[in-house]
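>>> Any chance you could fold what I've pasted below:
(4 chains)
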There are 2 protein chains.
Amino acid sequence: MAKQASKQASKQVHVPPLLDLFRQYGYDGVSLAKIAQATGLGKASLYHHFPGGKDEMVETVLATLDQWLQQTALAALEGEGDAQTRLGRMGDRISTAYSQGQKPCMLAALMLGSAKDAFQPQVQNLLRRWMGAIAAVLTADGMDSTLAQERSEEALVAIQGALILARAMADTTIFERTLQRLPQQLCRSSSSA
Amino acid sequence: MAKQASKQASKQVHVPPLLDLFRQYGYDGVSLAKIAQATGLGKASLYHHFPGGKDEMVETVLATLDQWLQQTALAALEGEGDAQTRLGRMGDRISTAYSQGQKPCMLAALMLGSAKDAFQPQVQNLLRRWMGAIAAVLTADGMDSTLAQERSEEALVAIQGALILARAMADTTIFERTLQRLPQQLCRSSSSA
DNA sequence: GTCTATATTAAGATAGAC
DNA sequence: GTCTATCTTAATATAGAC
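Residues are numbered from 1 along each chain as shown, chains lettered A, B, ... in the order given. The predicted structure is shown next:
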């Protein structure tokens, strides 16, 4: 039991540099040479920790992102306050995780190139749970279930789009403005839309 | 003059398969072997048309996208009707260009990996002109200039985000819903936001 | 303008010493 | 658990015939 825990822990140490690489370069743009440099390990050492190569590295990072979603982003939705307050708290966590929009989303990066087919199920699952939690906050606020689902799609569309545009325009204020707009945008009455 | 025209035309023939590759695989995910297969040319023939290699191919595709933006997307904003009608027409052209959200945006794909630094200026220029044209439609409708600029950012955020999410969730309705929402979203009164 | 053949470099991956 | 050394394949790019 202790061995299994330490075995997982040894992989977790290398997750931050791996996340940084895959989110910025995408799966096809990351070479083992880049990974070796970023982690400070040799190629052979990398295969010791990740016998499955790049695929297993991505899987490990995805597992960490799964934890982050549950324990950080979605946890922010659980506290006190009304829907707008809760969504605002989630926005703060998101802003931090993406460095105010300077760093891309690895989920989006993985949907390009040869990685798409391999990792789409995990990405889909992560996004689905994210949207489900946002929709739950909105329905708890009295919103119709179908509309809440549509609004949760709007939320992820806004976050992903803001990341793309902020990076392309090299302007973090685009990302910050989008996040600040989000709580009101999601909670607006359907008559104005 | 005729020779120069035919020289450019010979490159234009190969733009569609190149666009398809770069938007789906990104710069780092596209190999010359893939390009040779998609165009039906040998590697050496590719270097005859594009002595600069992949970089020159991307530049050529970007020039075509520049033309598409001007002659198709922005041309839809020039006709008759109010702002919402014009923006709706642009949405139709966009839906077609992206195959109802099934195909990624090459501009977004180029902002990942080793291509980012090389092509960011061109991508930035394209997005800036796109936003400028949308903002112009809104200000012609009587909207404040600063607000119109912010709304044009919203527009590109929505388009880019919808492309990401629709592809990740394998659900084109996300993209179509976003485009249908867009005209009203951009023209809404600022009191409700 | 297209091809075959080839040069060169870098990629993913493994063997085996320490 | 990390390393050096190596294997194999695939990458970018060019030379030169047709």
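
>>> what about the residue nearest to A:Asp55 when sequence neighbours are not counted, which SS state?
The shortest distance from A:Asp55 to any non-neighbouring residue, by CB to CB, 6 or more residues apart in numbering or on different chains, is to A:Ala118 (6.6 Å). All C-beta spots, glycine's among them, are computed from the backbone N, C-alpha and C. In three-state terms, and counting by DSSP: H, G, I helix; E, B strand; the rest coil, A:Ala118 is helix.

>>> Show me what the host helix or strand of A:Ala33 is in contact with.
A:Ala33 is part of helix A:32-39 when elements are defined by DSSP states H and E. With contacts defined as CB atoms under 8 Å, 6 or more residues apart in numbering or on different chains, helix A:32-39 is touched by A:14, A:17-18, A:20-21, A:25, A:41-43, A:46, A:53-54, A:57.

>>> Try it again at 7 Å.
If you take CB atoms under 7 Å, 6 or more residues apart in numbering or on different chains as the criterion, helix A:32-39 is touched by A:His14, A:Pro17, A:Leu18, A:Leu21, A:Gly42, A:Lys43, A:Leu46.

>>> Put together TSV for those, with distance to A:Thr146 on each row.
Formatted as TSV, these follow (distance: CB to CB, whole Å):
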residue	distance to A:Thr146
A:His14	43
A:Pro17	42
A:Leu18	39
A:Leu21	40
A:Gly42	54
A:Lys43	51
A:Leu46	47
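
>>> Any of these buried? List them.
Those of those that meet the buried threshold are A:His14, A:Pro17, A:Leu18, A:Leu21, A:Leu46, by 16 or more other CB atoms under 10 Å in any protein chain shown.

>>> wait, which of those residues is closest to B:Asn125?
Distances from B:Asn125 to the buried ones among the contacts of helix A:32-39, taken as CB to CB, are shortest for A:Leu21 (28.2 Å).

>>> Can you work out which other helices and strands pack against the particular helix or strand that has the closest one in it?
Following DSSP H and E, one finds A:Leu21 within helix A:15-29. Counting contacts by 3 or more CB pairs under 7 Å, 6 or more residues apart in numbering or on different chains; DSSP states H and E, helix A:15-29 is packed against helix A:32-39, helix A:54-68, helix A:106-110, helix B:15-29.

>>> Now render the ones you listed as JSON lines, adding distance to A:Thr173 and mean pLDDT.
JSON lines is the format used below for the helices and strands packed on helix A:15-29 (distance: least, CB to CB, whole Å; pLDDT from 0 to 100):
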{"stretch": "helix A:32-39", "distance to A:Thr173": "29", "mean pLDDT": "98"}
{"stretch": "helix A:54-68", "distance to A:Thr173": "25", "mean pLDDT": "98"}
{"stretch": "helix A:106-110", "distance to A:Thr173": "20", "mean pLDDT": "99"}
{"stretch": "helix B:15-29", "distance to A:Thr173": "26", "mean pLDDT": "98"}
